[in-house]
Structures are given as structure tokens and as C-alpha cells.
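Asks: Structure, please.
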Amino acid sequence: MIKFINRMGRGFLIPASLGYRLAVGGRNLLYDLHLPQTHQGPVPIVCVGNLTVGGTGKTPMVSWLTDYFSQQGKKVAILSRGYKRHGRLQPRILLPETGSHPGVNELGDEAAMLHCKHPRTALVLDADRSRGARTICSRWSPDIIIMDDGFQHRRLQRTLNIVMIDSQRLFGNGLLLPAGPLREPIAALQRADLVVFNKFDARHPSFAGRSRRVFDFISPKRLFTARYELRCLYNLWHPARETEIGQLQGKKILAFAGIANPDYFFQQLEKLGMVLQNRLSFADHVHYDREKLQKISQAAGGGLVATTAKDAVKIAALPEAKLLLPKLLVADIDMLIEPEDRFIELLESRLAIGYSGSQ
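Replies: So this is what the prediction gives:
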């Protein structure tokens, strides 16, 4: 019965989805014909995006790129809209020299997480990405800009497009919004320079067949896989106190997450030998309050609690959190790209060639 109702509901949304497809197709055609005015920044711009709504691993890829270029001695600026931040229409720039530490509500959870992890990087929050890029270049002179979630923001030209695909969910039912999860047709992958199948270690059982369409639009040489490696867990209130994975094998833990795909996080903990006595899933970008913290605390019963870095930045801002969750462990993950050497080679060669034109 539920499946029937879902099919009926989806059926009502299909006309709207077709209208959305026409609007997206018309907009892309205009950009392909170079009719709208586009803006080119004075420095290379690497865009990390996706084709679907929901989490595909854009933020971890932005973090990986930030680490990579920073290790090369480059000044990196991260450009984002700052999803769900207060005052989202007001541009915000955080420069590393100022030592400013605004709250998570002012930045949004993902931007706050990036700011905490990369304090020597400039952070630009602006819904108008072109304006944000121009502003940071005039105020700080970065060597490179990494644009988070900007694949559909074609008014700002970019040097390289990286598209992330969730290997568990792929393209859902294959329909565009609102009947499905797609922001634009799969054919848009033709604009991508590199495509990464993320969470490949937990890929869908029918991955081989369901992912085949991707090969129609991008060369296999530019396809990569990625997964997360949980390096350690650290105490939110004492970050220097890291707990090695081996010390947690066989330990009973309550895990919770307010991310797009919490099941993958739970699976990671279990694969590493932790015993999840309970797991709590919240909506992506959830707003934590005292009531939710009490629910987590009661479910934990005074035992260990684990969550993601995205959730932790919001919980740390709550005055009652330390009392309610004194043993809160935060997962410190690394993104592993395979094959990494070929990924870096194509990344560097594309940046050496220069801008990709009016995208």
C-alpha cells in the first residue's frame, strides 16, 4: 500500500519534473551558446559539485583538495554559499590573519567544519559565487579557489569541474526534481573533467548495471573511486585526546548523525569492530537543541557516544552539551581516492592547461 501511494505521489510530480527539465535544459543551452555573461576569476578555480540533491561527499573532497594545495605552499580560498547559515544573503569573508571564530549559525555546519579543519585557509560565503570570487581575489590574493557545490553555478567560469557521485544511491529513480533527486540530466557529466564514485566500498549491489550510463558521457580514464578511512576518534571537549581505532574494538557505543547518509557512518564504525548498542539518525543539517541532546544522552546511558565532525561543530556551540554528552567522540576521517596518482596527474595537467572556457 505504501509503495502504491509513493508511486501515485511520484506520478503527480512527474509533470513538474518535466517542466524542471525543460527549464534546466534551456538554461544550459544558453550557457553552451555563450549568451549569458560569465565571469572568469584571475586565479584557477576548481569546482566540486554533483548532479543530485543530498550528500555525495563534496565537502570531504573540498577538504582533500585544500590539504593537497596547501601542502604545496599555495594560498587556498574556499568559496561556498554557506548552506542554511543565518544572513545567507549577506556575503561573509573569513581571512586566516584575523583569527575570527564566528558561530556555526553564522557559517552553516559544513562551512564551519571546513573553517575549523583549515584555519589557514580563507573562507568566502556568498550565494553569488562570481562576486565572492572577485572579492576574495581583491582582498587576499589566493593562488587557487576551491568552489564547494557549484557545478550548476555556470555564471562563474572554472578551470576544472569535479563531480561526486554516491555509489550507494547513484541517481535514484533517474528523474529530475521534484519527482527524483537529479538537479540536471546525467548528460551534464559532459561538462565534468573528473568524476568520482564516492563511498565505493559500500556501493549499491546493482552498481555495475546502474552506473553504466555514466560511460556514455565521460571517458573511463577520468573516472575514479573514493572511500572514507576513519583515522581515529577524538573527544570533542579535549581534541588532543585521540582514541585509536584498536582501543574501541568490541566497545559498546551509541552512534548518531544528522547527515545525508548516516547508515554509511554507522557501517564504518561496525566494520572497525565497534558494537553499536544504539544508533540515532537525524535529518541532514539538523538543528540540535537541548531536547535532542537529552534524547541522545538518555539513549547512551552514560556510555561512549560517537558522531561526525559535521554534527560536532553544532553541538560544541551548545552550552549544555558538555554536561549532557561528556564522552562524545568525533570521527576524524580521511578521503582516499583511487588511483590517487592518476587523479593528481589529471588534476595538475588540467590546471596547467588553463581555464575551460565559458562554463
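Asks: Which residue ranges make up the domains of the protein?
Replies: 45-227+337-353, 229-333 (automatic domain parsing).
Asks: tell me the mean pLDDT over the longest one?
Replies: So that's domain 45-227+337-353. What domain 45-227+337-353 shows for mean pLDDT is 95.
Asks: Comparing the domains of the chain, which comes out most buried?
Replies: domain 45-227+337-353 (a mean of 19; mean count of other Cβ atoms under 10 Å). Bear in mind the C-beta positions are built from the backbone N, C-alpha and C, glycine included.
Asks: Between the two ends of that domain, what distance do you get?
Replies: Domain 45-227+337-353 has an end-to-end distance of 13 Å (criterion: Cα to Cα, to the nearest Å).
Asks: starting at the chain centroid, how far to that domain?
Replies: How far domain 45-227+337-353 lies from its chain's middle: 7 Å, per Cα atoms, centre = their mean, to the nearest Å.
Asks: Over to stretch 264-283?
Replies: The chain centroid and the centroid of stretch 264-283 are separated by 20 Å under Cα atoms, centre = their mean.
Asks: Over to stretch 277-290?
Replies: Counting by Cα atoms, centre = their mean, stretch 277-290 is centred 18 Å from the centre of its parent chain.
Asks: what's next to it, contact-wise?
Replies: 54-55, 83-84, 108-109, 252-260, 262-263, 266, 292, 295-296, 299-300, 303, 311, 314-315, 318, 320-321, 324 (Cβ atoms under 8 Å, 6 or more residues apart in numbering).
Asks: Can you give me the end-to-end span of it?
Replies: For stretch 277-290, the first-to-last residue distance is 22 Å (Cα to Cα).
Asks: what do you get for stretch 334-348?
Replies: 21 Å.
Asks: ok, now stretch 320-328?
Replies: Note: stretch 320-328 ends 13 Å apart using Cα to Cα.
Asks: so for it, what's the average pLDDT?
Replies: On average, the pLDDT along stretch 320-328 is 96.
Asks: rewinding a little: output the domains of the chain as CSV; include the columns distance to Tyr20.
Replies: What follows is the domains of the chain, written out as CSV (distance: least, Cβ to Cβ, whole Å):
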stretch, distance to Tyr20
domain 45-227+337-353, 5
domain 229-333, 21
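Asks: Which of the contacts of stretch 277-290 fall in helices?
Replies: 109, 262-263, 266, 292, 295-296, 299-300, 311, 314-315, 321, 324 (DSSP state H).
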